[in-house]
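J.: I need the structure of the sequence given here:
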Amino acid sequence: MVIGQQDSFYLLSPTSVYSHFCIIFQPTGLNRLLNLPVHELLNDATSLDLVLKEPLKGIVDNYRAGNRSLGQLVQEVDAFFSGKLLQCNPEHSYVEHTIEWIREKKGLVTVTDLAGLSNTCVRNYRRRFLELTGISPKKYILITRLKGILSALEHDEPLKIDWNDIIYNGGYFDQMHFIKEFKRFCGETPTAYLKKYSGSQHSLERYLLSLVD
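T.: Model (predicted):
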């Protein structure tokens, strides 16, 4: 499957036992490396067969058939994408520079700030950001803020957290605004989410969350 950017919570419930091999891209990775219209995959997914009829599918199929070890799969996939780097289009690279700026500022920036940093107008910046990442810059800023808050809370006890301090440093206007945004992205209130995902049985979710930037 090729899964696009997600800007809201959804619950994935497999109906049988399965194994998975995940490739997690940087925000512009799918567009840069595979030239995919990533904005069409927002909150959606499609079969790998439909969008990438190239050696990558054959590599995965060989592994699924038992003709490759996991180590060989990793090496072949890495070689495939390393080759794609040579064909990467550098146009509109300013979007990637502003993504780094958003991360550095932990989401405490505005779209106007980012457009100014890119020496372009807000309308053009929004269009290019959506084209390369599949998500609006405003949504990416909100996700980055939440990621920063979750990282700060990682080692704290849910009932001992100073939420007012967390919310203020995260750039939110008030507690209700923060809770509303949190529930939209995570599906639960902050305290309930932290209690639920603190156990070892949810180590995969915590690992994947740590990779979201």
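J.: need the strands for this structure, in chain order.
T.: 2-3, 45-46 (DSSP state E).
J.: who does the first one pair with, and is each partner parallel or antiparallel?
T.: It stands for strand 2-3. Next to strand 2-3 in the sheet, as set by DSSP bridges, lie strand 45-46 (antiparallel).
J.: how about residues contacting the strand it pairs with?
T.: Contacts with strand 45-46, where a contact means C-beta atoms under 8 Å, 6 or more residues apart in numbering, come from Met1, Val2, Ile3, Gly4. To be clear about C-beta, it is placed using only N, CA and C from the backbone, and glycine gets the same treatment.
J.: a markdown table please, covering those residues and showing distance to Leu11 and pLDDT.
T.: Formatted as a markdown table, the contacts of strand 45-46 follow (distance: C-beta to C-beta, whole Å; pLDDT from 0 to 100):
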| residue | distance to Leu11 | pLDDT |
| --- | --- | --- |
| Met1 | 16 | 79 |
| Val2 | 20 | 83 |
| Ile3 | 14 | 83 |
| Gly4 | 17 | 83 |
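J.: from the residues you listed, list just the buried residues.
T.: Buried residues within those, counting neighbours by 16 or more other C-beta atoms under 10 Å: Val2, Gly4.
J.: quick one: terminal-to-terminal distance for stretch 7-19?
T.: In stretch 7-19, first residue to last residue: 25 Å (C-alpha to C-alpha, to the nearest Å).
J.: per-residue confidence averaged over it?
T.: Stretch 7-19 comes out with an average pLDDT of 72.
J.: ok, and what's touching that stretch?
T.: Against stretch 7-19 from outside (C-beta under 8 Å, 6+ apart): Leu42, Asn43, Ile135, Ser136, Lys139, Ile143, Lys183, Arg184, Phe185, Cys186, Gly187.
J.: is there a quick PyMOL command that grabs whichever of those are buried?
T.: Those of the contacts of stretch 7-19 that count as buried under 16+ other C-beta under 10 Å are selected in PyMOL with:
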select buried, resi 42+135+136+139+143+183+185+186
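J.: circling back: which of the strands of the chain sits closest to Asn169?
T.: Asn169 lies closest to strand 2-3 among the strands of the chain, at 31.1 Å (C-beta to C-beta).
J.: related to what we said a few turns ago, could you dump the contacts of strand 45-46 to JSON lines with distance to Cys121?
T.: Output for these, formatted as JSON lines (distance: C-beta to C-beta, whole Å):
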{"residue": "Met1", "distance to Cys121": "36"}
{"residue": "Val2", "distance to Cys121": "31"}
{"residue": "Ile3", "distance to Cys121": "31"}
{"residue": "Gly4", "distance to Cys121": "26"}
